[in-house]
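Enquirer: Below is the structure, and that's it, no one-letter string:
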């Protein structure tokens, strides 16, 4: 090879090297743009999940264990009422508390509406997106709002507020971790495709099939559960009757919290709605009613208006999700053709894995509360109109320090005595 040929090859290598660098740069920019797009598409739903708040009722012992945040939220509500009454001489007309954050609430704020105390009346804002209700015959509003389309749900205004520093840090870390993972995974995924961004490869098919299979599996599981519960294929109202009115069932959302927040209302993700509470009015059809409970895998709360038949305990033992039980002993004992669990047989409830129990009626004595207190799984006992005073409850608390006993005010007895 002569000198001219070697010179020509060296001259050709230089442009080829530059072309290779240009291709790598274009591939990097393409991956970078795709990763940025994935980050943007992930950030938008995260903002809709974390930032807008949700309307909350006052937290009570009947809704579950009151943690530090729930107590602070209740204190905020009461403080806002007290401050308004101190300033204007009356409580706020419409006071709403919104709680923000996922997976942990980081902000609670008060919004006061329909008050003309400062010369200006602030009305509630309306959601921009609404869906016509499919259970108008049951009650409620004509339209179901999408929470994140409502101005009041965004933290742009408040009359009072509290913030949880740890909740803020946790929410930020979780959101940042999700965004970084999605962006990094997208960049890595397309970078290893040798420049063939829009070709469909075997690993793409496997990944797609995995996501589809998981999604269909979750949907099929909840759909079959709803068919057993009688909630599908026809959609039912949040509350409905069974067995000629002897039983009333209530459904609620049982899916991931982030899906509910992203949907904007707990009524929208219908595939995740299941029966969580049941009220049995009487023992007219007790066998059918208690057998029906076996069709409710998400049943958490059972309220019985009469004494539970002893034979029905077998059905209750198969309700693995049952955690809360309410029993009514207001009526005087009656002769019944079926053997029922009277107030002196409460020890039978140790066959169930209950966390809390509510008792109604003057038949409840301190010895009955002690029977329930000795059941290891029970953490809370709520008493309504029971023949138990605070001093007697304190003695039981001293014997069972991990147990919470709450004596509720019997308003019916209080007003009737007056």
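Expert: On my side now, so go ahead. Just so you know, these numbers come straight off a predicted model, no measurement behind them.
Enquirer: Now do the contacts for residue 310.
Expert: With contacts taken as CB atoms under 8 Å, 6 or more residues apart in numbering, residue 310 has the following neighbours: 339-341, 345, 348. Where C-beta positions appear, they are placed from N, C-alpha and C, glycine not excepted.
Enquirer: Which of these are buried, as a PyMOL select command?
Expert: To isolate in PyMOL the members of the contacts of residue 310 that are buried, counting by 16 or more other CB atoms under 10 Å, one can use:
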select buried, resi 340+341+345
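Enquirer: Out of the contacts of residue 310, flag the one nearest to residue 175.
Expert: When the contacts of residue 310 are compared for distance to residue 175, the smallest value, 48.3 Å, is given by residue 348; criterion: CB to CB.
Enquirer: what sits against the closest one?
Expert: Contacts for residue 348 were tallied using CB under 8 Å, 6+ apart; they are 310, 313, 341.
Enquirer: okay, it: pLDDT?
Expert: Here, the pLDDT recorded for residue 348 equals 91.
Enquirer: Before we go further, it is sitting in a helix, right?
Expert: Yes. When DSSP: H, G, I helix; E, B strand; the rest coil is applied, residue 348 is found to be in a helix.
Enquirer: Would you mind measuring from it to residue 372?
Expert: Distance from residue 348 to residue 372, counting by CB to CB, to the nearest Å: 11 Å.
Enquirer: just residue 112 next, same as before
Expert: When distance is defined by CB to CB, residue 112 is 42 Å away from residue 372.
Enquirer: So those two - more neighbours on which side?
Expert: Neighbours per residue, other CB atoms under 10 Å: of residue 112 and residue 372, the larger number sits with residue 372, 21 against 18.
Enquirer: and the helix or strand in which the more buried one is found, what does it pack onto?
Expert: Under the assignment given by DSSP states H and E, the secondary-structure element containing residue 372 is helix 366-373. In this structure, helix 366-373 packs against strand 356-360, strand 380-384, helix 390-399, with contacts taken as 3 or more CB pairs under 8 Å, 6 or more residues apart in numbering; DSSP states H and E.
Enquirer: Apply 6 Å and report the result again.
Expert: Packing contacts for helix 366-373, counted by 3 or more CB pairs under 6 Å, 6 or more residues apart in numbering; DSSP states H and E, involve helix 390-399.
Enquirer: what's the angle from the helix it packs on to helix 366-373?
Expert: For helix 390-399 against helix 366-373, the angle by axes from the mean of the first three to the mean of the last three CA atoms, to 10 degrees is 30 degrees.
Enquirer: Can you point out the buried residues in helix 390-399?
Expert: 392-393, 396.
Enquirer: Residue 190: which of the contacts of residue 348 is nearest?
Expert: Each of these was scored against residue 190 by CB to CB, and residue 313 proved nearest at 59.5 Å.
Enquirer: gap between that closest one and residue 350?
Expert: Relative to residue 350, residue 313 is positioned 11 Å away (criterion: CB to CB).
Enquirer: so what's residue 283 closest to, chain neighbours aside?
Expert: Of all residues beyond its chain neighbours, the one nearest residue 283 is residue 306 (5.5 Å), with distances taken as CB to CB, 6 or more residues apart in numbering.
Enquirer: ok, that neighbour to residue 351 distance?
Expert: Relative to residue 351, residue 306 is positioned 19 Å away (criterion: CB to CB).
Enquirer: quick one, which of these two is more surrounded?
Expert: Here residue 306 and residue 351 are compared on neighbour count by other CB under 10 Å; more neighbours surround residue 306, at 19 against 12.
Enquirer: any idea which element the more buried one lies in?
Expert: Residue 306 is part of no helix or strand, with elements assigned from DSSP H and E.
Enquirer: Can you add secondary structure and distance to residue 96 and give the contacts of residue 310 back as a markdown table?
Expert: What follows is the contacts of residue 310, written out as a markdown table (DSSP: H, G, I helix; E, B strand; the rest coil; distance: CB to CB, whole Å):
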| residue | secondary structure | distance to residue 96 |
| --- | --- | --- |
| 339 | coil | 49 |
| 340 | strand | 44 |
| 341 | coil | 42 |
| 345 | helix | 45 |
| 348 | helix | 44 |
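Enquirer: and which of the contacts of residue 310 is nearest to residue 380?
Expert: Proximity of these to residue 380, judged by CB to CB, is greatest for residue 348, which lies at 19.1 Å.
Enquirer: Remind me which helix or strand the spatially closest residue to residue 106 that is not a sequence neighbour belongs to.
Expert: With CB to CB, 6+ apart as the criterion, residue 106 has its nearest non-adjacent residue at 3.6 Å, and that residue is residue 167. Using DSSP H and E, residue 167 maps to helix 165-191.
Enquirer: remind me which residues of the stretch 201-350 of the chain are low pLDDT?
Expert: Confidence mapping of the stretch 201-350 of the chain against pLDDT under 70 gives the ranges 331-336.
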